[in-house]
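Visitor: The following comprises the amino acid sequence and a computationally predicted model.
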Amino acid sequence: MTAPLPTAPASLPLPATLPLAARLPLLGLYPAKYRAAHGEEIATVFAEATEGVSRGTALREWAHLAAHALRLRTRLSSSDPAGRIAAGAAPFILAGGAGLSMVHLLIGLFLPDHVEQLHGGHPAIRTALVAAASPWILALACASLGRWTPARILVLLGILGRIGATLAFAPHYWQLGTNSFLEPLPFGFVPGAVLLPFGLVPGTLLLIAPPDAVDLSLRGRRATVLTALAIAVPMSALAIRWSPPDPGDIIFSIFSPSVLLEVTIAWPAAVMSLALLVHLGARRPDILSAVGIALAVLPWTAMFPPAPFQGFTAPRFWSVPNMPDTFDYFPRNVAIVLAFLATATLLAALHRSRHTDTPEPA
């Protein structure tokens, strides 16, 4: 006869210092088997960790416990395939968002008058640009120091900052008579302007990644920073060097905005595909992490004609009259990204098969 599973308390002995909003049956968030096996241990550890501490410390302990329970419940822990894929994608999503934020800030620094002109001369445009882009860069700095929790918080602030900047400036752009500002995708404001270009979808993948599975080793942190810089520096130089001073002078540009727009897709895809190739070329590559790196490249398929403050969009002054509709870019973007990913995967497979087939010397 099978022995019954041990029982666990339905809720934790929450300290009196904890706010009322946190007085919830946290153990109920755990899967039943895990709760039955570890519930008493969790309750004991939580009680000891929150004994005599401040409200803020107790709330942080509660939040950590709730996040751990939800990751187990949703199978996004470091022991689950989905969690490991998200953890593999997170550093490169951060690198992509931070790299493109650097591009926007550098353009605002070196071409301030042109940026103000393109945004209708609004006096607060520089402040909004800094507020929308700087959290991603600060998040990269935190991640480079191994501080993943502050990095995640800053990414969340960056997403909210871009959404807030767009909503705050929406009346100004409506007065200018443009609707493309709020509709970079053909299917409307919410799915178009918020989910992809603002980084809400890739940012959410970063936020739900299990922190204990994210590669915060010295090598991993260097790879994240180098990826961001490899994206930002060439794209910034290209944008500043070949930006047309006036839309009417586009015929005198060395490169047309459409070419620059294609480069903004191809170059980041090439950089991240190289990171994928290096990962797959290791002696014992983690395939799930490799899938995550590939997922981190996909947001670049949403690199559409420019719109201000948005995460994965080209600098605004690369748009000119009579450019193709936004949706016309999507198949081309997907083809470029998939071509680089396929090339990296094929090269890694050829490299591995060549080393596998080579006989060891006697």
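Guide: Looks like it arrived, so ask away. Please read these numbers as outputs of a predicted model, since none were measured by experiment. Residues are numbered from 1 along each chain as shown.
Visitor: Please make it C-alpha for all contacts and neighbour counts, starting now.
Guide: Will do.
Visitor: by contact count, what packs against the lengthiest helix in the chain?
Guide: Of all segments of type helix in the chain, defined using DSSP state H, the longest is helix 326-357. Where contact means 3 or more C-alpha pairs under 8 Å, 6 or more residues apart in numbering; DSSP states H and E, helix 326-357 is packed against helix 257-280.
Visitor: The helix it packs on packs against which elements?
Guide: Helix 257-280 packs on helix 218-242, helix 287-297, helix 326-357, going by 3+ C-alpha pairs under 8 Å, 6+ apart.
Visitor: In JSON lines, list these along with distance to residue 159.
Guide: Rendered in JSON lines, the data for the helices and strands packed on helix 257-280 read as follows (distance: least, C-alpha to C-alpha, whole Å):
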{"stretch": "helix 218-242", "distance to residue 159": "18"}
{"stretch": "helix 287-297", "distance to residue 159": "16"}
{"stretch": "helix 326-357", "distance to residue 159": "22"}
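Visitor: Tell me which of those helices is the most buried.
Guide: Most buried of the helices and strands packed on helix 257-280 by mean neighbour count (mean count of other C-alpha atoms under 10 Å) is helix 287-297; its value is a mean of 22.
Visitor: the inter-axis angle of that helix versus helix 326-357?
Guide: Orientation check (axes from the mean of the first three to the mean of the last three C-alpha atoms, to 10 degrees): helix 287-297 against helix 326-357 gives 150 degrees.
Visitor: Next, the residues that contact helix 287-297 from outside, please.
Guide: 81, 84-90, 92-93, 202, 268-269, 272-273, 275-276, 279-280, 337, 341 (C-alpha atoms under 8 Å, 6 or more residues apart in numbering).
Visitor: quick one: low-confidence ranges for the stretch 251-362 of the chain?
Guide: 251-262, 303-329, 356-362 (pLDDT under 70).
Visitor: how about the strands in the protein?
Guide: In the chain, no strands are defined using DSSP state E.
Visitor: For it, which segments count as helices?
Guide: 32-49, 55-73, 81-110, 112-118, 125-144, 148-175, 200-208, 218-242, 257-280, 287-297, 326-357.
Visitor: Of the ones you listed, give the one that comes closest to residue 26.
Guide: Nearest to residue 26 among those is helix 55-73; the distance by C-alpha to C-alpha comes to 6.3 Å.
Visitor: For my notes, please list the helices of the chain in a markdown table and give distance to residue 26 for each entry.
Guide: Converted to a markdown table, these look like this (distance: least, C-alpha to C-alpha, whole Å):
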| stretch | distance to residue 26 |
| --- | --- |
| helix 32-49 | 10 |
| helix 55-73 | 6 |
| helix 81-110 | 21 |
| helix 112-118 | 49 |
| helix 125-144 | 29 |
| helix 148-175 | 21 |
| helix 200-208 | 18 |
| helix 218-242 | 33 |
| helix 257-280 | 38 |
| helix 287-297 | 30 |
| helix 326-357 | 42 |
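Visitor: how is the chain carved up into domains?
Guide: By the assignment in automatic domain parsing, the chain contains the domains 1-46, 82-354.
Visitor: The last one spans what distance, first to last residue?
Guide: Length of domain 82-354, first residue to last, C-alpha to C-alpha, to the nearest Å: 31 Å.
Visitor: ok, now stretch 271-290?
Guide: Taking C-alpha to C-alpha as the measure, stretch 271-290 stretches 14 Å from start to finish.
Visitor: Give the burial count for residue 52, as a bare number.
Guide: 13 (other C-alpha atoms under 10 Å).
Visitor: any idea how far residue 343 is from it?
Guide: For residue 52, the distance to residue 343 - C-alpha to C-alpha - is 57 Å.
Visitor: for residue 227, same thing?
Guide: 18 Å.
Visitor: who's in contact with stretch 95-102?
Guide: 133-134, 136-137, 139-140, 199, 224-225, 227-232, 236, 268, 311-312.
Visitor: avg pLDDT for it?
Guide: Mean per-residue pLDDT for stretch 95-102: 89.
Visitor: what's the burial count for residue 110?
Guide: Around residue 110 there are 12 other residues, counting by other C-alpha under 10 Å.
Visitor: For it, give me its contacts.
Guide: residue 240.
Visitor: burial of residue 72, as a residue count?
Guide: If you count neighbours by other C-alpha under 10 Å, residue 72 ends up with 19.
Visitor: measure stretch 200-215 end to end?
Guide: Across stretch 200-215, first to last residue, C-alpha to C-alpha, it's 22 Å.
Visitor: what's the angle from the longest helix of the chain to helix 257-280?
Guide: Here helix 326-357 runs at an angle of 30 degrees relative to helix 257-280 (the same axes, to 10 degrees).
Visitor: need the contact list for residue 338.
Guide: Residue 338 touches nothing, counting by C-alpha under 8 Å, 6+ apart.
Visitor: That one and residue 287: what is the separation?
Guide: 18 Å.
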